[in-house]
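> 3D model of this:
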Amino acid sequence: SDEANKVAEKDDPLSMKEVEQAMNELEDESDVEARRNLKLETDAQENEFGDSSGSEEEEEKNEDELDHDLEKEISSWQGKSNVDVSTVEASLLPIERYALNVREKVDPYLSLYYRSDEQRRKDLEDNAAEEPIDIEQIEAEKDADLK
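Have a look, this model is predicted:
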């Protein structure tokens, strides 16, 4: 189906629009609306995740360029002791930035470890507020234990 669309677009740029108009006239309103929503959704996904529907040669060329760019970036980072976080994030693909964002901002709140660690910290803070620490008493107990 995608190949037929590409061939139709290459041969006659108006033929695809004509086909869509004919489909709009023949289908009922709900089908037309569903097709429009699907098109909008797929366009948004392609934009968000950087999907391209180019040929395999173009994809390989882009992949090679990306690999070369990454190698240059990594080699420039190796000379630096501190790497800026924004530099690293800028080098990520959109899907990688999305995954990093989920990992940093969403996952901790869903993680059992995070929630139990937060509860432990809260309990420690509550206990620290209730019981003042008497350093002299602790030192006296240590001296008694050593004797």
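
> So which residue is dead centre in this protein?
Tyr98 (1.2 Å; CA atoms, centre = their mean).

> Can you get me a residue count around Lys17?
12 (other CB atoms under 10 Å). (Glycine included, C-beta is placed from N, CA and C.)

> can you pull the contacts of it?
Not one residue lies near Lys17 by CB atoms under 8 Å, 6 or more residues apart in numbering.

> Name the SS class of it, please.
Of the three states, Lys17 takes helix according to DSSP: H, G, I helix; E, B strand; the rest coil.

> Can you list the low-confidence ranges for the protein?
Along the chain, segments meeting pLDDT under 70 span 1-14, 50-55, 77-83, 129.

> Longest helix of it, counting residues only.
Ranked by residue count and defined by DSSP state H, the top helix of the chain is helix 56-78.

> And the next helix or strand past that helix?
Heading C-terminal from helix 56-78, the first helix or strand you meet, by DSSP states H and E, is helix 85-91.

> Using neighbour counts, pick out the buried residues of that following helix.
Buried positions in helix 85-91, judged by neighbour count with 16 or more other CB atoms under 10 Å: none.

> Please save the CA atoms from that helix in CSV.
In CSV, the C-alpha atoms belonging to helix 85-91 read as follows (Å, rounded to 0.1, in the frame of the first residue of the first chain):
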residue,chain,number,x,y,z
VAL,A,85,24.4,17.2,30.3
SER,A,86,22.7,19.4,27.6
THR,A,87,25.4,18.3,25.1
VAL,A,88,24.6,14.7,25.8
GLU,A,89,20.9,15.2,25.5
ALA,A,90,21.3,17.1,22.3
SER,A,91,23.1,14.2,20.8
